[in-house]
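J.: generate a structure from the sequence data that follows.
(chains A and B)
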Amino acid sequence: MANEAVSPNPISAKNGRVLLEVRNLVKYFPVRGGIFRHVVAWVKAVDDVSFTIHEGETLGLVGESGCGKTTVGQAILRLTEPTRGQVIFDGQDLLKLKGEALKRARRNLQIVFQDPYGSLDPRLPIEESIAEGLHIHGIGTPAERFEIVLEMLRKVGMEDYHAMRYPHEFSGGQRQRIGIARALVLRPKFLVLDEPVSALDVSIQAQVLNLLRDLQREFGLTYLFIAHNLGVVEHISDRVAVMYLGKIVEVAPRDVLFGNPMHPYTQALMSAIPIPDPTVKRQRIILKGDVPSPLNPPAGCRFHPRCPMAMGICARQEPELREVAPGHFVHCWLYQPHEAEPVTAQTD
Amino acid sequence: MSVNDDSQPLLDVRDLKTYFFTEDGVVKAVDGVSFRVYPGEVLGLVGESGCGKSVTSLSILRLLDAPGKIVGGEIWFEGRDLLRLSEHEMTQVRGNQISMVFQQPVTSLNPVFNIGSQIAEVIMIHNPNVKKAEAWREAVNLLRLVGVPDPERRAYAYPHELSGGQAQRVMIAMALALRPKLLIADEPTTALDVTIQAQILDLLRGLRSQFNTAVVLITHDLGVVAEMADRVAVMYAGKIVEEAGVQELFANPLHPYTRGLIASVPVLGRVRDYLETIPGNVPNLIDLPPGCRFAPRCQARLDYQLDICTQEEPDLIEIAPGHKVRCWLYQDREMHTAPLRQMAQAKSSVRD
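T.: Coordinates of the predicted model:
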């Protein structure tokens, strides 16, 4: 893949300040084998991903399992160390920070995990789990910390008496509220929400989505919302990026992406979502085959083996992430000139 | 597809009660569930976790282990009450006449046998005269039927070599091996990605029209139900609270729980600032509230100031042809006519 300098970064529809800029992020996981545990292959989980998020904005990051969306979220927080790239938060490259400086920067970036059962320590009353960040950053006296925890619990719709209880005493939805309280206790500017509602029942999912929206407005939060459910992503996002096998294939403002999806993968993904309305009749695009392994991604455009529109060039050469309309970026040969075939496909 | 009322139901579940006897008390997971499935029909059984939809399906095949126990009811299938069959007779029903597809396809397969021999085994167990080579050929045919590419070679694959979507295709091949009249699919696509889910739903639709297999489709996903089902039964806390044809249910949901459920799903292309929510959580099935089980979370009960909801349980009554609902808003304690009932009936007759 050619490094076209710093690839153009998708512009937000909002004209806020850029809070987070991810440039050419790469994360390869080594696969070891043999008796000496040599590296025998690389899983290209995230392969040259760039995007920006503006202050107060929600960027939805969608894709199917194994597309690298979770790795992007973790690499931003350096929960997994990126292989290459830059993560510029508030003017600072997080990947260059060490020790105390990294710790200070991390106060502003927090994460909410998918599994509300696995992400809380079962042996700690939730008050201690929530206060842990305050401890680490040396904030307040024990009494003050407890007060902050209670305030946070109220903000997420829980009661004071919940503070001394243990995780097993709570339902999935309540645990996810606790996870959100834990993430917000340091008053971060930015939250990575990694599938925060996908483990919840629909009636509870709606409660948590509304809560996230309220908290965003109250605290002026910026979200990276990672999910596989397009309905949920459409509901909460200002802009949406679609990932496939470690690459962003399309980015656009929410209404543009959902109104006029251009990448064949985005189109297939949207047509695959079952709509809870039996009167809606749609032309469904059914993709053939499974997602290829990121261990050995296809050459050229990674989507071409499953793409209903694939052309000769798609197997040979990778397209760029090109801006086809203001703020609408597509990573597809259909929308960029190439030698062999003239551009024939049109948007809709 | 409309349901022919004259035809005999293939499956007739009557007042099924399945309880779990735990140390903490008796969990009434399924508490008086009745429904029918007609030949060739897809019945969607919808509800959130813990509502009893999976326990209902396991009860039909009598696959429950202790502490679970069927304590009451009848399950009529082709003129026989399955609950009165001997274990041997029941084995003949399972797989042969009713088969099941589970949510976790990979864990449902035996990891130490290749998939071809697992499918062939199903065929040979139920047809002792079939030779091994013949059963293997049939297994390969089934794999081709469910869209496994290169079936001759893939039949030798082991479950760990399959993706989730492939494994679910194998499960479906196995379930269809004996051409059952009824297929119970318990969250068959929940563990799969959406593009793979679309493939599997497409496959189920095709097979159903090819073999006229009736399907009980258990899911929490209202989108899947809207696309697949002919009729829908909505479960809440061990009871069916509403049952209707799929068009009717989505156009004219009556039970406050069904309404809340439909309104709380973010639908592609219909952006709202806030989603409707159902306050509170699903009740504990050991200490159930008296009266309607949904009453503690029900806004409509407060709006209409109904006291009876927390005192006495409503019945599942048919308030329009084919549309049943269990709610005091539609049922009067003495007269069996309630304020909203006439409205609902009027509305539904206008639609007809």
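
J.: so what's the nearest residue to residue B:287 once chain neighbours are set aside bridging to?
T.: Closest residue to residue B:287 apart from its sequence neighbours, by C-beta to C-beta, 6 or more residues apart in numbering or on different chains: residue B:25 at 7.5 Å. From N, CA and C alone the C-beta is placed, and that goes for glycine too. Beta-bridge pairing for residue B:25 (DSSP bridges): residue B:22.

J.: mind checking the SS state of the residue most central in space within chain A?
T.: With distances taken as C-alpha atoms, centre = their mean, the residue of chain A nearest its centroid is residue A:226 (3.3 Å). With DSSP: H, G, I helix; E, B strand; the rest coil as the basis, residue A:226 sits in strand.

J.: residue contacts, it?
T.: For residue A:226, the contact set (C-beta atoms under 8 Å, 6 or more residues apart in numbering or on different chains) comprises A:60, A:61, A:62, A:69, A:70, A:72, A:73, A:192, A:193, A:194, A:195.

J.: same question, residue B:93
T.: By C-beta under 8 Å, 6+ apart, the residues touching residue B:93 are B:61, B:77, B:82, B:85.

J.: check residue B:45 too.
T.: Contacts of residue B:45 by C-beta under 8 Å, 6+ apart are B:35, B:53, B:56, B:57, B:216, B:217, B:218, B:219, B:232, B:233, B:235.

J.: make TSV from those residues and add distance to residue A:129 to it.
T.: What follows is these, written out as TSV (distance: C-beta to C-beta, whole Å):
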residue	distance to residue A:129
B:35	44
B:53	33
B:56	37
B:57	37
B:216	41
B:217	39
B:218	35
B:219	33
B:232	40
B:233	40
B:235	34
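
J.: among the residues you listed, which lie within strands?
T.: Mapping those onto strands (DSSP state E) picks out B:35, B:216, B:217, B:218, B:219, B:232, B:233, B:235.

J.: mind listing what the fourth one touches?
T.: The neighbourhood of residue B:218, defined by C-beta under 8 Å, 6+ apart, consists of B:44, B:45, B:53, B:54, B:56, B:57, B:184, B:185, B:186, B:187.

J.: closest one to residue B:103 out of those residues, please.
T.: Nearest to residue B:103 out of these is residue B:187 (C-beta to C-beta; 4.0 Å).

J.: just to check, residue B:256 is in contact with residue B:299?
T.: Yes - Residue B:256 lies in contact with residue B:299 (C-beta atoms under 8 Å); the separation is 6.7 Å.

J.: the chain: helices as residue ranges?
T.: All of this is about chain A. Assigned by DSSP state H, the helices in chain A fall at A:69-76, A:99-106, A:126-136, A:142-155, A:172-184, A:202-219, A:230-236, A:254-259, A:264-272, A:312-316.

J.: meant chain B, my bad for not saying
T.: B:53-60, B:87-93, B:105-108, B:115-126, B:132-145, B:151-154, B:164-176, B:194-211, B:222-228, B:246-251, B:256-263, B:299-303, B:339-351.

J.: out of the ones you listed, which is closest to residue A:230?
T.: helix B:194-211 (7.6 Å).

J.: what mean pLDDT does the closest one have?
T.: Per-region confidence: helix B:194-211 scores 88 on mean pLDDT.

J.: any bit of that helix sitting next to chain A?
T.: Yes - applying C-beta under 8 Å from any C-beta of the partner chain, one finds helix B:194-211 touching chain A at B:194, B:195, B:196, B:197, B:198, B:199, B:201, B:202.
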